[in-house]
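Student: the following comprises the amino acid sequence and a computationally predicted model.
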Amino acid sequence: AEGLVTMKMRRGAYVTEVNEKDLSDVYHLLALLESDAAGVVAERATEAELESLAELHQSLERAQGDREAFFRINEEFHQRLLQLADNRWREQMVADLRKVMKLNRHQSLLKSGRILESLQEHRLLLQALQSRDAAASAQRMREHFLSGLEAAN
């Protein structure tokens with residue numbers, strides 16, 4: 001992705017540092033893109049597709065004591081939701097934005113209590129999806145990203 005490496009004259013390549021504004025901008029865009037995807041999934045996903053998200057959520061619940069597994073499964077959950085929304089352009093944009101987030105060493109999930117908050121946000125999102133409520137699904141996803149940004153700052 002563009003902008004992830006900075007070239008410095010006679011000093012080589014460096015990983016670009018992510019400042020607070022960058023982080024805020026990335027979270028804002030992710031909230032827009034993924035909340036839209038959540039609304040689409042609530043309206044269009046099959047029962048089997050929603051069940052695949054529920055299964056990932058159960059894995060996330062089981063992984064709450066293992067930070068590395070939680071990170072990985074959380075990412076799988078978000079990727080699965082994006083796949084179900086079926087828009088390759090949105091998926092690519094989110095993938096690029098997530099690369100920027102990985103440069104961020106603040107890692108919002110490292111904050112004390114954030115994993116439990118994130119799980120509760122996922123539970124509410126899953127309930128909205130399973131209720132086929134597109135507006136509530138989009139709102140829950142927006143709130144999830146706003147909480148993540150708050151924890152990252």
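Tutor: Happy to help now that I have it. Residues are numbered from 1 along each chain as shown.
Student: just give the number of residues close to Glu51.
Tutor: Number of residues near Glu51 (other Cβ atoms under 10 Å) recorded here: 12. All C-beta spots, glycine's among them, are computed from the backbone N, C-alpha and C.
Student: Three-state assignment for it, please.
Tutor: helix (DSSP: H, G, I helix; E, B strand; the rest coil).
Student: show me how far the lengthiest helix in the chain is from its chain's centre.
Tutor: Ranked by residue count under DSSP state H, the longest helix found in the chain is helix 20-44. Averaging C-alpha positions (Cα atoms, centre = their mean, to the nearest Å) puts helix 20-44 8 Å from its chain's average.
Student: residues of it that come out buried?
Tutor: 22-23, 26-27, 29-42 (16 or more other Cβ atoms under 10 Å).
Student: who are the packing partners of it?
Tutor: Contact analysis of helix 20-44 by 3 or more Cβ pairs under 8 Å, 6 or more residues apart in numbering; DSSP states H and E lists helix 47-62, helix 67-85, helix 88-103, helix 114-130, helix 134-152 as its packing neighbours.
Student: dump those into TSV; add distance to Val18 and mean pLDDT as well.
Tutor: As requested, the helices and strands packed on helix 20-44 are exported to TSV (distance: least, Cβ to Cβ, whole Å; pLDDT from 0 to 100):
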stretch	distance to Val18	mean pLDDT
helix 47-62	25	98
helix 67-85	17	95
helix 88-103	5	91
helix 114-130	18	96
helix 134-152	10	94
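Student: for those, which one sits closest to Glu17?
Tutor: helix 88-103 (7.5 Å; Cβ to Cβ).
Student: CA-only coordinates of that closest one in CSV, if you can.
Tutor: C-alpha atoms of helix 88-103 as CSV (Å, rounded to 0.1, in the frame of the first residue of the first chain):
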residue,chain,number,x,y,z
ARG,A,88,-14.2,-6.3,-3.8
TRP,A,89,-13.4,-2.6,-4.0
ARG,A,90,-14.5,-2.2,-0.3
GLU,A,91,-12.5,-5.2,0.7
GLN,A,92,-9.4,-3.8,-1.0
MET,A,93,-9.8,-0.4,0.6
VAL,A,94,-10.3,-2.0,4.1
ALA,A,95,-7.2,-4.3,3.5
ASP,A,96,-5.1,-1.2,2.8
LEU,A,97,-6.4,0.7,5.8
ARG,A,98,-5.8,-2.3,8.0
LYS,A,99,-2.1,-2.3,6.9
VAL,A,100,-1.9,1.3,8.2
MET,A,101,-3.5,0.2,11.5
LYS,A,102,-0.9,-2.5,11.9
LEU,A,103,1.8,0.1,11.9
